[in-house]
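*Asks:* Here is the input, now give the coordinates:
(one chain, ligands or ions: 3)
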Amino acid sequence: MNELSRRKFLKGGLAGGAMVSLLGKSSKSEAAPSFGGYPDSMGVLVDLTRCVGCRSCEAACNKEQGLPAPDLPFDDMSVLEEKRRTSEGAYTVVNKYEIPGKDHPLYRKMQCNHCNEPACLTSCFVNAYRKTPEGAVMYDPTVCVGCRTCMIACPFYVPAYSYSSVLNPVIKKCIFCYETRLKFGRPPACVEACPKEVLTFGKRTNLLKIAHDRIRNYPDKYVDQVYGEKEVGGTAWMYLSSAPFEEVGFDTHLGNDPIINYVKEFLTVVPMVLTIWPALFAGFHLLATRKDVQNKENSAGK
Ligand code: SF4
Ligand code: SF4
Ligand code: SF4
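*Replies:* Ligands and ions are numbered 1, 2, ... in the order given. The predicted structure is shown next:
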């Protein structure tokens, strides 16, 4: 969609508040059914017990993706004193966590987790996202209408909006180095740059085996969970940790169902209303989170 049609769309659709049924369908679930993920897709296992917070992965990503130079150089570790989010200028960031009872901090690399059933994809009514058989979740700026629903839908708060691009802002996020590496079977730049072998690239199914082997062989070193194995339907990027995941900044209340499952039934009976779609998604996301918290509390109380 060019800039003119994007503006026309926003005027007639979002800004005008009209009820629009896109693609001639009455619901998103008809337009894009739930997606189960590709069995042979690739992934990355991130072992937080090995990370030293050197930020080499950030530097490699910056170079590979041709991103702007950061305000402070990548060897300036003072940035680790604040918690950062991924942004239009940084598709991956490393944050530092002081863990109670541990004499050293843990570092956590964040980027798009390339979900098996991505909420960004299922929430996008113009189908600007796709999941490739290799596992990457890709975004097409030529289709995007700039509604930013994907930013609200993503349970990991990943998609960033390029507000700095006044004329034609687009969503920016990690693309799993798809065009330059993943589709040729090569590991992402950040994986290759890590000097501590924190990041293991491979078939998702193999990575899960490696992860569970590590937990089994070193039960004192790892908590017994692979974050991303099941959360929100599973993700391509998965994590091992020596501290409970909530202490390293992970949302442990997401539940295992893909976010779209919480809206599917509702959307089959309610016509698509563009103006309330983002609010709907935010509400159901919250509901899903609360439901999981409640389930956990109920089980703990048993
Ligand atoms: S982490 Fe967010 S942006 Fe990435 S695939 Fe999942 S829902 Fe989409
Ligand atoms: S996979 Fe590629 S785009 Fe994503 S964080 Fe790593 S280097 Fe950046
Ligand atoms: S390059 Fe490796 S060790 Fe360095 S911060 Fe990134 S993940 Fe951690």
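*Asks:* in this protein, which ranges drop under the pLDDT threshold?
*Replies:* 1-37, 166, 260-302 (pLDDT under 70).
*Asks:* in it, which spans are strands?
*Replies:* 42-47, 93-97, 106-110, 129-131, 137-139, 160-161, 171-172, 199-203, 237-240 (DSSP state E).
*Asks:* Tell me how many other residues crowd the nearest residue to K109 once chain neighbours are set aside.
*Replies:* Spatially, and ignoring its direct neighbours in sequence, K109 is nearest to V94 (5.0 Å; CB to CB, 6 or more residues apart in numbering). For every residue, glycine as well, the C-beta is placed using N, CA and C. By other CB atoms under 10 Å, 22 other residues sit near V94.
*Asks:* Spell out, range by range, the helices that occur in the stretch 1-150 of the chain.
*Replies:* 3-9, 28-31, 56-64, 119-123, 149-153 (DSSP state H, counting those that start in this stretch).
*Asks:* From S164, how far out is the residue nearest to K109?
*Replies:* Counting by CB to CB, to the nearest Å, the gap from V94 to S164 is 23 Å.
*Asks:* ok, now K109?
*Replies:* Look at K109 and S164: by CB to CB, they are 24 Å apart.
*Asks:* Kindly report the same for V170.
*Replies:* When CB to CB is the yardstick, V170 and S164 sit 11 Å from each other.
*Asks:* Name the residues contacting each of these two.
*Replies:* Both V170 and S164 lack any common contacting residue under the criterion CB atoms under 8 Å, 6 or more residues apart in numbering.
*Asks:* Quick check: residues of the stretch 101-250 of the chain near ligand 2?
*Replies:* Q111, C174, I175, F176, C177, P188, A189, C190 (CB under 6 Å from any ligand atom).
*Asks:* number of nearby residues for the second one?
*Replies:* So the one you mean is C174. Counted with other CB under 10 Å, the neighbours of C174 add up to 24.
*Asks:* still on that earlier bit, who has more neighbours, V170 and S164?
*Replies:* Neighbour totals were compared for V170 and S164, and V170 leads with 17 against 10 (other CB under 10 Å).
*Asks:* show me the contacts for the more buried one.
*Replies:* Y139, P141, C144, G146, Y161, S162.
*Asks:* do you know how far it is from L80?
*Replies:* From V170 to L80 the distance is 29 Å (CB to CB).
*Asks:* same check, this time on E246
*Replies:* Distance from E246 to L80, by CB to CB: 20 Å.
*Asks:* With adjacent residues omitted, what lies nearest to E246?
*Replies:* Nearest to E246 is T252, by CB to CB, 6+ apart, at 4.6 Å.
*Asks:* ok, now which ones touch that neighbour?
*Replies:* P244, F245, E246.
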